[in-house]
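*Asks:* The following block contains a protein sequence and its predicted model.
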Amino acid sequence: MDPERHGELTEKVLEARKMLRQGLDEGRHKDLIEPFDRSRYNANMTVGENLLFGYPVGPSFDLERLGENDIARAVLDEVGLTAKFLDIGLRLSAMMVELFQDLPHDHEYFERFSFIRADELPDYQRRVQRAESLGVENLAAEDRNHLISLPFKLIQARHRLSVLDAETQSRILAAREVFAKRLPPELKKAVAFF
């Protein structure tokens, strides 16, 4: 819906949103919705959406490859999350390989719960093996990029894998602020902010 062309409808939708929020805040159903709050980590959004505090528009901040994005990587470095994301990515890789390696490639669980496509499992299995033998810090840049990209896809409320502690969530919130400051004006339209 184009707000410019459908101004009246847009106003009604925004008014309905406000009324729904009021009703939820006052009623017994307030815990059913986790509203967007810039100061809080949202367990129902991906880690990437929490970092961006929005949804990517176009390829610049594609959640599948966010770990390869120069701005995102600089932000992770600045707030001290790079090593943590590598560790989480390696743990997620090992879990996904273990959980999904015996399932048929078209199994519904790949779409619902996996961070990795079925055809990628052998590659991730080799990455896990290389990390175990070489150490994650000695992996090639491509392997590291793939591992760092995985945590961005994690939705804590859905996946319930216990890999994001309160400290990491707090650092992601700090990264959110750094990202907002570092985002160049020409890329502001690459994110639909919440």
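*Replies:* Right, received. Where do you want to start? In this text, all values refer to a predicted model and were calculated from it rather than measured experimentally.
*Asks:* ranges for the helices of this protein?
*Replies:* 7-26, 47-52, 70-79, 82-100, 108-113, 121-134, 141-149, 156-159, 166-182 (DSSP state H).
*Asks:* what's the average pLDDT for the last one?
*Replies:* Helix 166-182 shows a mean pLDDT of 94.
*Asks:* Low-confidence ranges, the chain, go.
*Replies:* For the chain, the stretches flagged by pLDDT under 70 are 30, 110, 112-114.
*Asks:* pretty sure V163 is touching S93, no?
*Replies:* No: using Cβ atoms under 8 Å, V163 makes no contact with S93, being 11.5 Å away. The way it works is simple: take the backbone N, C-alpha and C, and place the C-beta from them, glycine included.
*Asks:* Quick one: residues contacting A140.
*Replies:* A140 makes contact with no residue, according to Cβ atoms under 8 Å, 6 or more residues apart in numbering.
*Asks:* Please say which of V163 and S93 ends up with more neighbours.
*Replies:* Ranked by neighbour count (other Cβ atoms under 10 Å), V163 and S93 place S93 first, with 24 against 19.
*Asks:* Against A118, how distant is the residue nearest to that one when sequence neighbours are not counted?
*Replies:* Once flanking residues are discounted, S93 sits nearest to Y124: 4.6 Å by Cβ to Cβ, 6 or more residues apart in numbering. Note on Y124: its distance to A118, by Cβ to Cβ, to the nearest Å, is 11 Å.
*Asks:* Equivalent analysis for R158, please.
*Replies:* From R158 to A118 the distance is 19 Å (Cβ to Cβ).
*Asks:* So between those two, which is more surrounded?
*Replies:* Set R158 next to A118 and count neighbours by other Cβ under 10 Å: A118 wins out with 17 against 12.
*Asks:* Right, I'll call it a day here.
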